[in-house]
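S.K.: Sequence and predicted structure, then a few things I'm wondering about:
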Amino acid sequence: MNGNRDRLSERRARTARRLGLMVGATLIGFAIATGLFHVFSPSPVPVRAAPPLQGPYCGDGYCDTAYEDAESCPYDCGYCGDGTCGAGEDIYKCPDDCDYCGNEYCGPYENYESCPSDCPLDCSIYVCGDGVCAWNDCEGTWNCPEDCVWCGDGICAESEIGTCPEDCPPVCGDGICSEDESSRTCPADCGPPPPTFTPTFTLTPTLTFTPTPTFTPTPLPAIGLSVSKDPSTASVAAPGETVTYTVRITNEGETSITINSIEDDIQGDLGTVSDSTCSTPQTLAPGDSYACTFTVEISGEGGDSVTDTVTVTGEDGLGRTVSGSDSATVTITGGSPTPTLTPTPTPEPEATGCRIVPLEEIAEPVADAFAGQANDYRAPLWMICDEPPEEVCLPVDPTFDRSADLSFFKLLDCTSAGACTVFVATSLEDDELCFSTAEGDGQPICAEGCSFTLQRVQSRLSRGNMIALGIIGLLLLFLIALLILLLMMRRRRGEEEEAEEIDEELTTT
C-alpha cells in the first residue's frame, strides 16, 4: 500500500513539472509572438523634431516692420480692403476681404439670390426693423442690430449708449455725463468747471530795488561776397570756338573770408578744368578781390545762346557760410552744330528668376498636393520661378538655430497634376535655407510653386506590407496559444485517467 502511495506522489510531481513546462512554453511563445508583432508593427522611426522658426516670420499674426510689409506679407501687414483675409480680420470685422460665396457662411453682402450655396434660406420673408430677430442666416447682429441687439451681447449699438454700460462703457465725448465723469475730468460731457476764486494781495515794497545794468552784445561783423563772370566775347561765329571767362570775387564784408569752392554749372569745379587759373582755398581780407580765368569751347547750334553760372562758396572765422554767383551768356551767330556722340544704351535683360509670393497666388491643386505630402510643420513661404534655378534658397529668421539637422527639411516642388518632387536642405547661408537634388531627379523647377516642410524619415517597409506582417504575427500567436491549450487538455485527461487507475488499485488493496 505504501508503494502505491509513493507511485501516486511521484506521478503528481511529474504532472506538476509538465504543467510548469507547458506554462513556460506558453509564456515563451507569447513573448516571441509579441516581439515579432512589435518588430513588424508600423511604428514610426523616431526623429528629432525640427525646431520651429524663431523670431517673427510671415504668418505669425504680427507685422514686424523690420522684415515685413503689406506687399511681402499681406497676411500679417495687410489692411481691411487689400483683398487678403489676414491676421485680426474675419467676416464680421472685414467682410470686404473675408466674405465670399462658397465659404458656407451667409455674409452681410450675400443673399438667397446672389449665393444660394451659402444662403439656402429665402431672406426676403424677413423684415429688419419688425422687432423680431430671426436668428438664422438671414437676420442677426451683423445685418440687423435693430432687432437682434440686446444689452450684454458685446455689441455697442447706438440705442444702447447711456443705457447699457456693459456693452457701451462711458467714454468722454459721448454726450452723457456718467458717474465716473465730472466737469473737471470731462467738460465735453459735463459742462465747464465752475470758476476758481483767486484772492488778490497787494504788496507794499519797503526796499529800494536797483536794476542791474543791461548787457548789450556786440554785433557780429557783416559778411558778404560779390561775384562777377565776364566772357572775352559776347558772341562766336561758329560752334567749337573758344571763349575765356574772367571770374572776379570781392569780399564786401567786415571780416576775412576763406574761399573754399569755385564751381561752374557746366564745367564743374574750375580748379580741375585743364585751361584754368582758378584754385582754392583763397583768403580775402575785407575789401580784397581775387580774379582767375578759364577757357572753354562753345558747343551748340547757330543762333543758340549758351548761358552758364559760376557759384563761389566760403566761410568766415566764425564758421558762417557765405556765397555768391554770376552768369554770362555767349551767342553763336552761325555755323553747324557740334556733333555730339550719343552712346547706344545697352538693353537690360528681361527680369527673370524666382520670387516669393503669398499663398493666395498659388493654385489650389498645387497647394492641395503640397498639403498631402507635408507634415505638421510648414513654412509660410512660397516661391515661383520664371525659369529653372540652379538652386532654391528661401529666407529664414536670422535667429534660426544653425545647429539643427537640415536633412529633416524638405523642399516640395508641386504641380497642379497633384505630384510633388522632394529635395533636401543642404546649407544655411546668409539667413537662407538652400535646397538641392535629393530623392527626385533633375533640379527644382518651382514653375507652379515650391515651399518647404519638415518631412519625417519613412520606414523602408510600406504601410501595406507592415499591416500584412502584423496580421501574420497575430495568426502565429493564435496558433501557438491553440496548440498549447490542446496539449494541456490532453495532458490533463491522461492524468485524470492515471489517477482513477491508482484509486482503483488502492481500493482493491
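M.R.: That came through fine.
S.K.: average model confidence for the helix or strand that residue 495 is a member of?
M.R.: Assigning secondary structure by DSSP states H and E places residue 495 in helix 463-508. Mean pLDDT, computed over helix 463-508, is 85.
S.K.: Show me what that helix packs onto, helices and strands only.
M.R.: helix 2-40 (3 or more CB pairs under 8 Å, 6 or more residues apart in numbering; DSSP states H and E). The C-beta positions use only the backbone N, C-alpha and C, and glycine is treated the same way.
S.K.: next structured bit after the helix it packs on?
M.R.: helix 74-77.
S.K.: Would you map the helices across this structure?
M.R.: Listed in chain order, the helices of the chain (DSSP state H) span 2-40, 74-77, 95-98, 145-148, 187-190, 364-373, 463-508.
S.K.: Now do the buried residues in the fifth one.
M.R.: By neighbour count, and taking 16 or more other CB atoms under 10 Å as the criterion, the buried residues in helix 187-190 are 189, 190.
S.K.: what residues does it touch?
M.R.: 172, 173, 174, 175, 176, 177, 178, 181, 182, 183, 193 (CB atoms under 8 Å, 6 or more residues apart in numbering).
S.K.: from these, which would you call buried?
M.R.: Judged by 16+ other CB under 10 Å, buried ones among the contacts of helix 187-190: 174, 176, 177, 178, 181.
S.K.: ok, for the second one, nearest residue in space, not its chain neighbours?
M.R.: Nearest residue to residue 176 in three dimensions, chain neighbours excluded: residue 162, at 4.4 Å (CB to CB, 6 or more residues apart in numbering).
S.K.: Averaged pLDDT, stretch 161-169. What do you get?
M.R.: 79.
S.K.: dump the residue contacts of residue 275.
M.R.: 294, 295, 296.
S.K.: what about residue 482, distance to residue 469?
M.R.: Per CB to CB, to the nearest Å, residue 482 is found 21 Å from residue 469.
S.K.: out of those two, which sits in the busier spot?
M.R.: Taking neighbours as other CB atoms under 10 Å, residue 482 and residue 469 compare with residue 469 leading, 17 against 10.
S.K.: how close does the more buried one get to residue 478?
M.R.: 15 Å.
S.K.: ditto for residue 238
M.R.: 115 Å.
S.K.: Compare neighbour counts for these two and give me the winner.
M.R.: Between residue 238 and residue 478, residue 238 has the larger neighbour count (other CB under 10 Å), namely 15 against 11.
S.K.: The more buried one reaches residue 332, doesn't it?
M.R.: Yes - look at residue 238 against residue 332 with CB atoms under 8 Å: they come within range, at 7.0 Å.
S.K.: so what sits against both of those two?
M.R.: Joint contacts of residue 238 and residue 332 (CB under 8 Å, 6+ apart) are residue 302.
S.K.: Might you report the residue contacts of the residue nearest the centre of the chain?
M.R.: Most central in the chain under CA atoms, centre = their mean is residue 58, positioned 2.7 Å from the mean C-alpha point. Residue 58 sits next to 68, 72, 73, 75, 76, 380, 381 when contact means CB under 8 Å, 6+ apart.
S.K.: what's the pLDDT at it?
M.R.: In this model, residue 58 carries a pLDDT of 84.
S.K.: For residue 193, which non-adjacent residue is closest in space?
M.R.: residue 183 (4.4 Å).
S.K.: what sits against residue 270?
M.R.: Residues counted as contacts of residue 270 (CB under 8 Å, 6+ apart) are 247, 262, 263, 264, 276, 278, 292, 294, 310.
S.K.: residues contacting the closest residue to the fifth one other than its chain neighbours?
M.R.: By the measure of CB to CB, 6+ apart, the closest residue to residue 276 outside its immediate chain neighbours is residue 294, 3.6 Å from it. Contact criterion CB under 8 Å, 6+ apart gives 244, 245, 247, 264, 267, 270, 273, 275, 276, 277, 278 as the residues in contact with residue 294.
S.K.: and with 6 Å instead?
M.R.: Going by CB atoms under 6 Å, 6 or more residues apart in numbering, residue 294 touches 245, 270, 273, 276.
S.K.: Can you report how many residues neighbour the closest residue to residue 223 other than its chain neighbours?
M.R.: Nearest non-adjacent residue to residue 223, counting by CB to CB, 6+ apart: residue 253, 3.8 Å away. A count of nearby residues for residue 253, using other CB under 10 Å, gives 19.
S.K.: Please apply the same query to residue 252.
M.R.: 16.
S.K.: hang on, residue 118 packs against residue 106?
M.R.: Yes - the pair residue 118 / residue 106 is scored as a contact, 4.8 Å apart, by CB atoms under 6 Å.
S.K.: Looking at the two, which is more packed in?
M.R.: residue 106 (26 against 19).
S.K.: how close does the more buried one sit to residue 100?
M.R.: Taken as CB to CB, the span from residue 106 to residue 100 is 12 Å.
S.K.: Over to residue 119?
M.R.: Distance from residue 119 to residue 100, by CB to CB: 13 Å.
S.K.: got it, and residue 236?
M.R.: 73 Å.
S.K.: cool, residue 502 as well?
M.R.: The spacing between residue 502 and residue 100, counted by CB to CB, is 91 Å.
S.K.: ok, now residue 87?
M.R.: 18 Å.
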